[in-house]
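> fold the following, please.
(chains A and B)
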Amino acid sequence: MNTKVTLFEGGRIAAAALIVLLLFLLAGNSPKGDIPLEGLESAALPLLKEGEYQPGDGRMLRRFYGLNPADYEGVAFYYPSTNMGVEELLLIKLTDASQGEAVEQAIGARLAAQKESFDGYGVEQTDMLNNHAVVEVRGRYVLFTVSENDQKIRQAFLDQL
Amino acid sequence: MRHGGRGPHVAIMTVGGGDFRRRRRGRSRGAGVLAFGGDLVRRGLSLSPALVLTAVCVLCAGIWVIVSLLPPRTTKADTAPGLALLETLEQGDPAAVDAVLREREPQVPELDLDENGEIDTEQVWSAFQDFVLLGDSRGVGFEYYGFLDDVRVMAEAGNTILQIEEHMEEIVALQPRYVYICYGINDVGLGIWSSDEYAEAFMEDVAELKARLPEVTVVISSILPAYDPAFEQNSAWYSIPEFNEKVAAACEENGIAYANNDALAAAYPELYQPDGIHLMPEFYPYWAKNLIEAGLKAPKGGDGQEGGAQA
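Prediction:
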């Protein structure tokens, strides 16, 4: 038996291995199937600071982000209890992944507006907005939060996916 | 049914012991149906009462649906007299009409506190009619907490009386009867001007506003005091009383309504946020009451003497 591997055969084996590797990486970076938004919400909400947030409805979502909740499969939104607070959580399950870019832009605009609002005015708020804000988009799932526990919230979000 | 043996197709149906073979042979299909129906009548076919009732109900329902779907009968109205009236009104003076309407406006009753010091918040917010409210981050609360229409609340964090001119066109476009102005915390905190300069600049802005809206009633809110720990952030806020004195005097001199909030702030310090500057949602109805009452005390179509209830 000829055990030698020709160059051609070697290339085929390498290509197959590369494909397997790519698939493995993609699978690790994509949500595992259809994840209910409620699960993401229940994982993140306890990590927000008690008393600093309140649930938001469609009107507030449109006001703060210019987003229409009816455009998405699911939305969970919590905004600051007072106009001097910054604790915030937004979870969106997109109807289609192509909506992600527009949502990210809306989040960016919201964060910029908050920073401008507190610039030279609220030192603690500005610090939170600059150093404790997280935006994460994974497939059809979007997370935005401003919180002291921003990294824990981010991890809880990723763990669910 | 069983097929007969003679002919290419002879269907034999037995009803009541008879058959149609002899009747159907050689006849058309339509004739056969008529014969079938006639035979039923002759045999005295009876229908059950339930079937009859159901048929009647279905018939009635169908008639009702058809009638409902018919377009309503309308008669053509004579619009000539109405058009003539509109043309007459078009020739009139809008200012005169407005003056008549203002005189006919119902008077809003004074917003009393009950024996527990509580106010009817629904009454307070419903008293905000035809208005614009200008303010800083404290003024933001009027719309942030859903109390007032955000279109009519022009307030942002960091704003000062310099924003009055910036909002002028927006204000004029809304043609409000009342303009409530709730600035000051930043004017004092940022050290933009002395108390005299602040009062003077304020009166100039209000004069400009009244020049654009001659019938407006302007209500200036005194600057709510700051409490600890706010002074650790900015000791300039100790000067708030001095600024208020100058503005109050200027309002009296110029006949502008002034809402003095000193007693209100002293009565409800627990309704301040922990920063000692901003207010909890529960504070706003009391503040609003003060503003409303100051405006009501001003003569219609202009500004009155220094006033404003002290809550």
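> could you pull out the helices for chain A?
A:7-29, A:37-44, A:58-65, A:100-118, A:123-131, A:150-160 (DSSP state H).
> possible to save the ones you listed as TSV with mean pLDDT and mean neighbour count?
All C-beta spots, glycine's among them, are computed from the backbone N, C-alpha and C. Rendered in TSV, the data for the helices of chain A read as follows (pLDDT from 0 to 100; neighbours: other CB atoms under 10 Å in any protein chain shown):
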stretch	mean pLDDT	mean neighbour count
helix A:7-29	68	10
helix A:37-44	94	17
helix A:58-65	93	16
helix A:100-118	94	16
helix A:123-131	94	15
helix A:150-160	95	17
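> out of these, which comes closest to chain B?
helix A:100-118 (4.7 Å; CB to the nearest CB).
> make TSV out of the helices of chain A and add distance to chain B.
As requested, the helices of chain A are exported to TSV (distance: least, CB to the nearest CB, whole Å):
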stretch	distance to chain B
helix A:7-29	39
helix A:37-44	23
helix A:58-65	7
helix A:100-118	5
helix A:123-131	8
helix A:150-160	22
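> including distance to residue B:265, could the ones you listed go into JSON lines?
Compiled in JSON lines, the helices of chain A are given as follows (distance: least, CB to CB, whole Å):
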{"stretch": "helix A:7-29", "distance to residue B:265": "55"}
{"stretch": "helix A:37-44", "distance to residue B:265": "38"}
{"stretch": "helix A:58-65", "distance to residue B:265": "29"}
{"stretch": "helix A:100-118", "distance to residue B:265": "24"}
{"stretch": "helix A:123-131", "distance to residue B:265": "23"}
{"stretch": "helix A:150-160", "distance to residue B:265": "36"}
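> who wins for proximity to residue B:149 among the ones you listed?
Of all the helices of chain A, helix A:58-65 sits nearest to residue B:149, with 12.1 Å by CB to CB.
> I'd say residue A:118 and residue A:130 touch.
No. Checked against CB atoms under 8 Å, the pair residue A:118 and residue A:130 is beyond contact range at 9.9 Å.
> the helices of chain A: which one's closest to residue B:57?
Using CB to CB, the nearest of those to residue B:57 is helix A:58-65, at 44.5 Å.
> report the backbone C-alpha coordinates of the closest one in CSV.
What follows is the C-alpha trace of helix A:58-65 in CSV, where atoms were taken according to Å, rounded to 0.1, in the frame of the first residue of the first chain:
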residue,chain,number,x,y,z
GLY,A,58,-43.4,51.6,23.7
ARG,A,59,-43.8,55.3,24.1
MET,A,60,-40.6,55.7,26.0
LEU,A,61,-38.7,53.4,23.7
ARG,A,62,-39.8,55.6,20.8
ARG,A,63,-38.8,58.7,22.7
PHE,A,64,-35.4,57.6,23.8
TYR,A,65,-34.4,55.5,20.8
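> by how many degrees do it and helix A:100-118 diverge?
Helix A:58-65 runs at 80 degrees relative to helix A:100-118, counting by axes from the mean of the first three to the mean of the last three CA atoms, to 10 degrees.
> helices or strands next to helix A:58-65 in the packing?
Packing partners of helix A:58-65 (3 or more CB pairs under 8 Å, 6 or more residues apart in numbering or on different chains; DSSP states H and E): strand A:74-80, helix A:100-118.
> can you do 10 Å?
strand A:74-80, strand A:88-93, helix A:100-118, helix B:137-144 (3 or more CB pairs under 10 Å, 6 or more residues apart in numbering or on different chains; DSSP states H and E).
> can you redo the ones you listed as CSV with distance to residue B:294?
As requested, the helices and strands packed on helix A:58-65 are exported to CSV (distance: least, CB to CB, whole Å):
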stretch, distance to residue B:294
strand A:74-80, 30
strand A:88-93, 36
helix A:100-118, 29
helix B:137-144, 15
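> out of those, nearest to residue A:20?
Using CB to CB, the helices and strands packed on helix A:58-65 put helix A:100-118 closest to residue A:20, at 27.4 Å.
> just checking, what packs against the closest one?
Using 3+ CB pairs under 10 Å, 6+ apart, helix A:100-118 is in contact with helix A:58-65, strand A:88-93, helix A:123-131, strand A:133-138, strand A:141-146, helix B:137-144.
> quick one: name the residues of the stretch 101-250 of chain B near chain A.
When proximity is defined as CB under 10 Å from any CB of the partner chain, the stretch 101-250 of chain B approaches chain A at B:136-146, B:150, B:155-158, B:186, B:189-190, B:233.
> got a list of what the residue lying closest to residue B:139 once chain neighbours are set aside touches?
Among residues not flanking residue B:139 along the chain, residue B:155 sits closest, at 3.4 Å (CB to CB, 6 or more residues apart in numbering or on different chains). With contacts defined as CB atoms under 10 Å, 6 or more residues apart in numbering or on different chains, residue B:155 is in contact with A:83, B:133-144, B:148, B:163, B:167, B:182-183.
> per-residue confidence for residue B:155?
We have a pLDDT of 96 for residue B:155.
> show me what it is bridged to.
Per DSSP bridges, the residues bridged to residue B:155 are residue B:135.
> could you list the low-confidence segments of chain B?
For chain B, the stretches with pLDDT under 70 are B:1-47, B:71-76, B:94-95, B:97-115, B:117, B:299-311.
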